[in-house]
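K.L.:
fold the following and give me the result.
(one chain, ligands or ions: 3)
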Amino acid sequence: AAAELGLHAVTAVSAIRDVVMEHEEALGNLDAIAGDGDHGIGMRRGVDAANAAAQKTATLEGGASVAAVLTAAGEAWSEKAGGTSGALWGTAFIAAATALGNRDSYSSKDAAVAVGAFADAITTLGKAEPGDKTMVDAILPFRDAFIASLDSGTSVVEALKGAAVVSQEAANATSALRPLKGRARPLAEKSLGHPDPGAISFGLIVERLGQHLDN
Ligand code: ADP
Ligand code: MG
Ligand code: MG
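P.N.:
Numbers count the residues shown, from 1 in each chain. Ligands and ions are numbered 1, 2, ... in the order given. Now for the predicted structure:
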């Protein structure tokens, strides 16, 4: 059963790869407004490597657990993406994987803990605060909405879909902010009126994960 769940982790990573590929150019263009334009290619490199590592791990003899698949994916993502967002995504993947561990089944509580670990890893490593105009501005509202829905008895899939909507609204709302962290800071005025690329990519990814798990 653990190895079967590991295969579900592989298809989830593959769904993330699909959505990043579909939006690669748009994410690069968004990052070019006030950053260095590499958010699309960086996310693409990271998720391609993560996807390959996940597949390789799951096809090892005897299969692999969710934790093993997602840890391999996170390590590859950090290593190959380059850039700030790659290090953050990779580290957060590993933190979520560690929280999920190697079990035969998962509860809503496990999903809440994993999302909490993902968000904590991003803020611990990146040290961005809410309002700094980073992916944190999409991740924390996502986490809070997801956990609140689960606490009120909503299923994981429905909680994920609802939290993804909240996250995308929060990502769009970063348009009004001036960047206080990361490369976009020196070009703060140019960034006004445009959303943060890392917040947008996070919103797109969780939206796709919700659709993926609904199928
Ligand atoms: P780089 O900035 O190194 O070129 P990317 O373009 O791939 O890397 O990613 C930029 C995104 O990374 C930003 O839009 C922002 O969301 C996120 N980011 C940058 N610095 C931080 C930080 N300290 N904490 C959280 N997210 C950050
Ligand atoms: Mg960049
Ligand atoms: Mg860069």
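K.L.:
find the least confident helix or strand in the chain, judged by mean pLDDT.
P.N.:
helix 188-191 (a mean of 85; mean pLDDT, DSSP states H and E).
K.L.:
which residue packs closest to A97, ignoring adjacent ones?
P.N.:
L70 (3.5 Å; C-beta to C-beta, 6 or more residues apart in numbering). C-beta here means a position set from N, CA and C on the backbone, and glycine is covered the same way.
K.L.:
need the pLDDT of the one you found.
P.N.:
With respect to pLDDT, L70 has a value of 97.
K.L.:
surely it and A54 touch.
P.N.:
Yes. Between L70 and A54 a contact is recorded at 7.4 Å, counting by C-beta atoms under 8 Å.
K.L.:
find residues that contact each of the two.
P.N.:
Listed as contacting both L70 and A54 by C-beta atoms under 8 Å, 6 or more residues apart in numbering are 9, 13.
K.L.:
ok, and what's touching whichever helix or strand E207 is part of?
P.N.:
Remark: E207 resides in helix 197-214, with elements defined by DSSP states H and E. By C-beta under 8 Å, 6+ apart, the surrounding residues in contact with helix 197-214 are 11-12, 15-16, 18-20, 23, 27, 30-31, 35, 39, 43, 84-85, 88, 133-139, 142, 156-157, 160-161, 163-165, 167-168, 170-172, 174, 182.
K.L.:
can we see that at 6 Å?
P.N.:
Helix 197-214 is contacted from outside by 15-16, 19, 23, 27, 30-31, 39, 43, 85, 134-135, 137-139, 142, 157, 160-161, 164, 167-168, 171, 174, using C-beta atoms under 6 Å, 6 or more residues apart in numbering.
K.L.:
can you sort out which of these also neighbour ligand 1?
P.N.:
31, 39, 85, 134-135 (C-beta under 6 Å from any ligand atom).
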